[in-house]
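Colleague: here are the coordinates; sequence isn't available:
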């Protein structure tokens with residue numbers, strides 16, 4: 001994964017967006033990774049994978065219940081480390 005500073009990301013945002021189409025890019029500030037930019041296609045694939053895992057886990061639990069999509073999405077966001085209030 002390519003790594004760049006936040007200043008480099010700010011100064012070269014257009015190029016950064018193009019580069020993110022082929023590989024995720026880590027963005028650092030003060031030497032610490034603060035975020036990762038990835039393509040919309042990769043992000044959607046990650047969301048589908050986490051959602052599928054949550055559904056599979058629920059099915060394997062053997063506990064019958066109604067599917068609560070809001071709850072499933074929230075758990076998926078938590079697993080991905082995203083802001084759960086989004």
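Modeller: Looks like it came in fine. Nothing here was measured: the structure is a model prediction, and the numbers come from that model.
Colleague: by contact count, what packs against the top helix by length along the chain?
Modeller: As assigned by DSSP state H, the longest helix anywhere in the chain is helix 40-61. Counting contacts by 3 or more C-beta pairs under 8 Å, 6 or more residues apart in numbering; DSSP states H and E, helix 40-61 is packed against helix 69-80. (Glycine included, C-beta is placed from N, CA and C.)
Colleague: tell me what the helix it packs on is packed against?
Modeller: helix 40-61.
Colleague: now the helix it packs on against helix 69-80, angle please.
Modeller: Using axes from the mean of the first three to the mean of the last three C-alpha atoms, to 10 degrees, the inter-axis angle of helix 40-61 relative to helix 69-80 is 110 degrees.
Colleague: how about helix 40-61: buried residues?
Modeller: Using 16 or more other C-beta atoms under 10 Å as the test for burial, helix 40-61 gives 42, 50, 51, 54, 58.
Colleague: before we move on, what about stretch 73-86?
Modeller: Buried residues in stretch 73-86 (16+ other C-beta under 10 Å): 73, 74, 75, 76, 77.
Colleague: can you check stretch 32-42 too?
Modeller: 37, 39, 42.
Colleague: and it, average pLDDT?
Modeller: The predicted model assigns stretch 32-42 a mean pLDDT of 95.
Colleague: distance between the ends of that stretch?
Modeller: Using C-alpha to C-alpha, to the nearest Å, one end of stretch 32-42 lies 23 Å from the other.
Colleague: no further queries at this time; thank you.
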